[in-house]
Structure formats: C-alpha cells, structure tokens
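Engineer: Provided below for reference: sequence and predicted model.
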Amino acid sequence: MSEPIIQLDGIRKTYRSGTLEFEALCGIDTAISEGEYVAVVGPSGSGKSTLMNILGCLDNPTAGSYLLAGEDVSTMTEAQLAEVRNRRIGFVFQQFNLLASLPAWRNVELPLVYAGVPRHVRRERAVAALTRVGLADRTENRPGELSGGQQQRVAVARALVTEPAMILADEPTGNLDSRSTADVLDLLDELHDAGRTIVLITHEKDVAERAGRNLVISDGQITSDNPTARAGVSA
Amino acid sequence: MNWAETLRAGAEAVRAHRMRSLLTMLGIVIGIASVILTVGFGQGAQDKVRDQIDALGSNLLIVSPGSSTDSGGMRGGFGSATTLTLDDATAIADRTAAPDVSRVAPTTSTSTAVTAGETNWTTSVVGTTTDWLDVRARTLTSGRFFTDDELASGAKVVVLGPDTASELFSFGSPVGQTVSIGGQQLTVIGVLDSSGSSDSGSTEDDQAVVPISTAKALSGSTSGAVSTIYVEAASSGTLSAAYQEVQSLLATRHGVTTAEADFSISTQESLVETANSTNKTLTVLLTGIAAISLLVGGVGVMNIMLVSVTERIREIGLRKALGATPSVIGRQFLVEASMLGLAGGVVGILVGVVGSWVLPPLIDQPVTLSLLATVAALLTALALGVGFGVYPASRAARLTPIDALRSE
Ligand SMILES: Nc1ncnc2c1ncn2[C@@H]1O[C@H](COP(=O)(O)OP(=O)(O)OP(=O)(O)O)[C@@H](O)[C@H]1O
Ligand SMILES: [Mg+2]
C-alpha cells in the first residue's frame, strides 16, 4: 500500500447555532492512500459534506488531526491553506459554483490565475482541459448558455486544470441525468486511471460501485469501510 | 496574482456590473460636483464684495452723517441727516488740524434725469471737488476731469460714468457733447473708466460727476450740506491716525463727544468686515449644503458597495476555494473600489468645473473654484468608496471558504 495522502484521527465537527450545538462528525479515523478512488455514502444529514469540506480545507474541524500528505493542516496559515487548495486539490461541487459573468474558459483558468501561471499559458491549458471534458466548442459560452451537464463538465475541467493530486467531488452527478452522469463518471474514471486520488460523495449505488472503496457514514461516524468489486481491477 | 493582473480583473469587474458601477459613480459625481459648485458660489460672492470694496479706493475713510453706535455697522441712512457740511470737509483738509490726511472729497448726490438729445436717463448726479478722482482711485478713458478754476466758477461741465455714457450716447464720443440736467446745458468733458468692480450694474459706473458748486446751482440749494466726505489717508500706515484726527476734529466742530457722534466713519476694512460677517452666514449655509450632498453621495456609495460585496460573498468563497488568499481578495476589491472612486471623482470634478463656466452667466453670480474643497471632496469620496468596498470584502475574505460559499 502506498503512502496515505489523507490521514484523519478523531475528527469532530460541532456546529453551533445560538445555544444549540450539533455534532455533525463524532470522531472520524481513516486513511486514504494516493491513487485510491473512494466513494463516501450514507443517509442524508449523516455528515458526508461536512467531512468533504474538511478534507478540502474549506472548513476547520472542531477537534482531531488531519494530515494532508504528512502535513498537519491545523498548523497552516491562511496563505498556506490557499496554496494547498490551489495546488493539491480540485473541487467539483454539487451546485457547480461557476462565475456567471465569465465564459467557460475564464472559469476554468481561475485556479491558474491564483497559481501565478502567465496569461497565454493559462488560456492554452484551460482550452486543453475543456477539450478533455468534450467542450472544445463551448469555451466562449457563459455558464448560463450551457446545460447542467455541460456546466458540471466545465467544473470538472476547472478541477483538473491544475493537475491536482486529489479530486474531491460532492455529489457531482446529483443534478444530472443518466447520460451526463455517465459522462462525468467516465471522466473521473479516466482521472483515476491517470493516478489521481478521488473522493466522491454519492447517493447512488451504481455510482458508488465504480469506486474502489466505499466509506459508509451515518450519524457522523464511519459504520463500514469496504473495498468494492472493482477494487481488484483498478487499484 | 500581480498588480497588472489585478488591475485588469478590476476593470473587468467594473465593466461586468455596468449599472451598479454607474450608480456608484453617480453618487460620487453628484457629491463632488455639488461641493465644488456650492463652495465656489460662497467664495465667488465673497470675492465679488471684496472687489467692490477694493474699487472704492485705497487708504479710504468714508464719513457719513448719522450715528453708528451699534457694532453691526452703519445705521441712520445716508442722506437722512444733514449734519455734514462743506466746511467740515474744508476743516479736515487743513494740514495742521489733520496732518495724516492727504486729500478730501466732499460729495453731494441726487438722483436726476439727464438728457442728451432725445435720450433720457436717470442717474445719480454727484457734486464733488477736484480731488475726488484720486481719492476714489478712478481714472478716465477719455477727456479730462474738471479743474480747480471750473470748481471755483461753477462751470457747466460734467464727467460721465462709463455706463451712463453708453446709455446716453450709443455711438460716437460723448466728450464735447452737451447734456441737459435740470434744464441746464452741461458740456461733457470726460468719461470715467469702469470702477473695476465685478458687479456689472454697479452705481460706481452709472453716475454724472459735476463740480460741487455746479451741483448746488442745479438743485437750487444754498445749504452747505454734503452727503458723504471721502478722506484719503497719507498712507495705509497712517489710516488709523487719520481716523482719530477726523473723528476728534468733527466731534469738536459739532460740539459732541465721540461716543454720541452725529456722524460715522467707516474704513474699507470695516466695510470688508461687515460684508464678511454677512457672507459668513452664506458660506456656513453653503458649506453645510455641500457637506450634506457629499454625505448623501457617500451614503449612496456605501450602500452600493456594501450590497455589491454582500451579493459577491459566494464569489469570494469560490475564489478562496480555488486558491485565492485573503490579501488577493482584499486587493481585488480595493482596486475595484478605487477605480470607481477615481472615475467618479474625475467626472465629478469635470462636471463641477464645467458648471463653474456655464452657470455664472446664467444666474449672474461668480463662481470661484476652490482647490482645497475639490481635493477634500475627492478624498472623502475615495475614502468612502474604498472603505465601504474593502472593509466588508476583507471581512468576507476571512470567512472559511465554506461559510462564504454557503452565504445567502
Ligand atoms: N452550517 C451548519 N450549521 C449547523 N448545522 C449544520 C451546518 N451544516 C450542516 N449542518 C448539519 O450537519 C449535519 C450534516 O450535514 P451534511 O451537509 O454534512 O450532511 P450530508 O451527509 O452531506 O447530507 P446530504 O446527503 O443531504 O447532502 C446535518 O444534520 C446538518 O443539518
Ligand atoms: Mg451533502
């Protein structure tokens, strides 16, 4: 087994609203190795998104330690966290989260802007990423001019344009029909085959089946952690 | 992300939200233009009064009948009392009695119709002595002033103000022509230059000056009463000495104490003070209005910036998730707000300057541009725009990306 890229120990997350406290994660211990394809499943409200946000350094855990590639995330400064998100992680959100005022290629180039890549290189790489997701002819369209499936593919292009080691996808197919779902999942398969670590949240059994490992969460705890039938094939 | 990139992104964001950018700029434009114009009006009014007073002549004391006991200025109107006489003027002109006085010009003034051919014009006919021209610091554009001989003999000669001359003689030189005043024929011997006062309708430019002896003959008056005695001090340094000499001399002659004097003496300085105290009210009022319009413009800018940042918190969250540091976000909004503020400021100054050219002829009021007010208004607008654009943005940039993404 290769080095764990993610190492979680006793991760807890408590949401406070006024005097009410809610423990969304109550002690998560797990490790994910480089190149793994993990599907996180579980009932609604079980804490899957909460876990994903912590993995992506979009949110801070209330307690516990998170080592990302051996480094303790809790000791990092804001600027270091920004760099981690920029260089190591590609996000695909359930609600796409594209900027409506920018054409597709400008949305895709955003992570490169913050990585300090020169302008002409950015455009090239953004167009290459869009070509890879099958949107070579849609680079100048704004998100409002694209279908939901196309928008999600733009989001996937944005996640892979920096060539990150890890792709985090929170229900990337939740808003898509079966055709677009298949497109997006094929893309993730390709990325996995290229050696990327992929963590995916899903509600759908057949989507989870495509991953190599299924993490089941309920009420903020991991209740089962099993390799799938495909595990032997691709890992 | 370097500055060139940030500038380009800022310009893009300003263009992307065209309407909002225009509204923000409009607030700044109105605020700055109104500050420039209102302060300009106040300053212009003050300058105009100063011009008028300067045009009276230098080192000047103005002696008028009637007392002035209250500090507010002159009371008891001109002409309402006739306590000043030609003899008073002669006494003041006496070197031994008032050594610091260099020249004296007693004047009488009546409003009379003047006729040239078929043209009638009512103006103030001023009777005075030969020193009037120097005492009042006036010059002639053509012809000459009357002489001591003409003064002594009550010659039928007249010097016209420039406005009077152009009213009576629409073409040709008035000098050598004849005008009729109170049934008497007088020869025009000269035309005064404009007093230099910026007020075009000034009475200083509309008058007919005759020897005081002639004026008495015209009005058929035998009294020695005069309406004003203009006294010129030898220099501005001796103005207060001259003031005291004239004051005690006249008090003695009239048999009164200086406290209960039946005459009043004003200096240019006291006129300026009186005018300024009136103007101060105007200036305070105008500055208040300017400050309020700047405030209203500023509140508008604040409002739009706050709304624009609030509706972009999700964008801030997304940019953070993609790798923007809080300082990059802060810089982005700083550049955007400064661009709006600067563009609005420049347009506002342009509108103000153009207004200061276009408005004065329309409303017959001068506008003096004030550099200080312009700079202050620009800085205020910039500070408001930048403050209320950057502060909420940098607060949003300190949220965790997920909290920003979840906002709304
Ligand atoms: N910001 C928040 N403040 C308070 N409670 C929250 C907050 N975010 C999530 N929660 C609560 O934490 C629990 C876990 O939420 P989470 O979004 O992780 O669920 P999930 O497993 O992703 O559900 P779904 O499958 O419906 O997306 C939920 O009960 C939710 O109500
Ligand atoms: Mg969720």
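Structural biologist: All right, it came through fine. Ligands and ions are numbered 1, 2, ... in the order given.

Engineer: now for residue B:351: which residues touch it?
Structural biologist: B:29, B:32-33 (Cβ atoms under 8 Å, 6 or more residues apart in numbering or on different chains). Heads up, the C-betas are built off the backbone N, CA and C, glycines and all.

Engineer: what ranges do the strands span in the stretch 1-150 of chain B?
Structural biologist: For the stretch 1-150 of chain B, strands defined by DSSP state E, counting those that start in this stretch occupy the ranges B:60-65, B:101-116, B:119-128, B:140-143.

Engineer: what about residue 195, which helix or strand?
Structural biologist: Picking chain A for this. Per DSSP states H and E: residue A:195 is located in neither a helix nor a strand.

Engineer: what segments of the chain are helices?
Structural biologist: Answering for chain A, as no chain was given. A:48-55, A:78-87, A:104-114, A:119-132, A:148-160, A:178-193, A:205-209, A:231-234 (DSSP state H).

Engineer: not quite, I wanted chain B
Structural biologist: Under DSSP H, chain B gives helices at B:3-16, B:18-54, B:86-93, B:132-135, B:148-153, B:162-168, B:212-219, B:239-254, B:268-310, B:313-321, B:326-363, B:371-398, B:401-406.

Engineer: what sits up against the fourth one?
Structural biologist: Taking Cβ under 8 Å, 6+ apart as the criterion, the residues outside helix B:132-135 that touch it are B:57, B:60, B:103-105, B:107, B:126, B:138-140, B:145, B:209, B:230-232.

Engineer: please apply the same query to stretch A:111-120.
Structural biologist: A:82, A:86-87, A:90, A:121-122, A:125-126, A:158, A:161-162, B:1-2, B:5, B:9, B:319, B:322-325, B:328.

Engineer: how long is that stretch end to end?
Structural biologist: End-to-end span of stretch A:111-120 (Cα to Cα, to the nearest Å): 14 Å.

Engineer: enumerate the positions of it that are buried.
Structural biologist: A:111-115, A:117 (16 or more other Cβ atoms under 10 Å in any protein chain shown).

Engineer: do stretch A:181-192 as well
Structural biologist: Buried residues in stretch A:181-192 (16+ other Cβ under 10 Å): A:181, A:183-185, A:187-189, A:191-192.

Engineer: out of the contacts of helix B:132-135, who has the most neighbours?
Structural biologist: Neighbour counts for these peak at residue B:231, which has 29 neighbours (criterion: other Cβ atoms under 10 Å in any protein chain shown).

Engineer: show the backbone phi and psi for whatever residue of chain B ends up closest to chain A.
Structural biologist: Residue nearest to chain A within chain B (Cβ to the nearest Cβ): residue B:323, separated by 2.5 Å. Main-chain dihedrals, residue B:323, degrees, to the nearest 10: phi 120, psi 10.

Engineer: could you check how far it is from residue A:84?
Structural biologist: Look at residue B:323 and residue A:84: by Cβ to Cβ, to the nearest Å, they are 9 Å apart.

Engineer: which of those two has more neighbours?
Structural biologist: Neighbour totals were compared for residue B:323 and residue A:84, and residue B:323 leads with 25 against 20 (other Cβ under 10 Å).

Engineer: is stretch A:174-187 anywhere near ligand 1?
Structural biologist: No. Judged by Cβ under 6 Å from any ligand atom, stretch A:174-187 stays clear of ligand 1, getting no closer than 8.3 Å.

Engineer: distance from that stretch to the middle of the chain?
Structural biologist: Counting by Cα atoms, centre = their mean, to the nearest Å, stretch A:174-187 is centred 15 Å from the centre of its parent chain.

Engineer: how about stretch A:204-224?
Structural biologist: 15 Å.

Engineer: which residues touch whichever residue of the stretch 251-400 of chain B sits closest to ligand 1?
Structural biologist: Nearest to ligand 1, among the residues of the stretch 251-400 of chain B, is residue B:400, at 10.2 Å (Cβ to the nearest ligand atom). Taking Cβ under 8 Å, 6+ apart, we find residue B:400 in contact with A:58-60.
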